[in-house]
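In: Pasting a predicted model and its sequence here:
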Amino acid sequence: MLRLWWFQLQYKWFKNAVSLNASTLEGSADQSSITFYEDGRVMEIRNVSLLSDSAMYQCAASNQYGVIYSSAELRVKGEQNLVYIC
């Protein structure tokens with residue numbers, strides 16, 4: 001019997017090398033603007049701010065076989081409403 005849960009990925013997000021999760025977002029300016037979807041695979045940033053959202057974002061996807069990282073630099077040049085990082 002094939003156990004598919006072995007292949008499930010877990011996702012962790014970072015902003016400027018600081019973990020983004022419920023406890024680090026609580027009470028921060030990011031709390032109301034960052035939301036995670038699809039079991040953490042998609043991060044949504046609403047009401048993008050030039051000062052607080054311009055940053056290096058990184059996603060770590062891991063399972064029992066290892067971890068892989070993807071990163072992107074977000075440069076906000078003007079006020080926006082919605083940004084998706086997948």
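Out: Okay, I see it.
In: Helix or strand: which one has the nearest residue to residue 20 once chain neighbours are set aside?
Out: Excluding the flanking residues, the one nearest residue 20 by CB to CB, 6 or more residues apart in numbering is residue 13, at 4.3 Å. The way it works is simple: take the backbone N, C-alpha and C, and place the C-beta from them, glycine included. Taking DSSP states H and E as the definition, one finds residue 13 inside strand 10-15.
In: Mind listing what's buried along that strand?
Out: Neighbour-count burial for strand 10-15, counted by 16 or more other CB atoms under 10 Å, picks out 13-15.
In: by contact count, what packs against that strand?
Out: strand 18-20, strand 55-63 (3 or more CB pairs under 8 Å, 6 or more residues apart in numbering; DSSP states H and E).
In: Which one, of those strands, ends up nearest to residue 71?
Out: strand 55-63 (4.2 Å; CB to CB).
In: What pairs with that closest one, parallel or antiparallel?
Out: strand 10-15 (antiparallel), strand 66-74 (antiparallel) (DSSP bridges).
In: among those, which is nearest residue 37?
Out: Closest of the strands paired with strand 55-63 to residue 37 is strand 10-15, at 10.6 Å (criterion: CB to CB).
In: Surely the residue nearest to residue 20 and residue 42 touch.
Out: No - using CB atoms under 8 Å, residue 13 makes no contact with residue 42, being 10.0 Å away.
In: list the residues that contact both of these two?
Out: residue 36 (CB atoms under 8 Å, 6 or more residues apart in numbering).
In: I'd guessed residue 37 sits against residue 44; true?
Out: Yes - when contacts are counted by CB under 8 Å, residue 37 is listed as touching residue 44 (6.4 Å).
In: These two - which one has more neighbours?
Out: Per other CB atoms under 10 Å, whichever of residue 37 and residue 44 has more neighbours is residue 44, with 14 against 11.
In: Check the gap between the more buried one and residue 35 for me.
Out: Residue 44 sits 5 Å away from residue 35, going by CB to CB, to the nearest Å.
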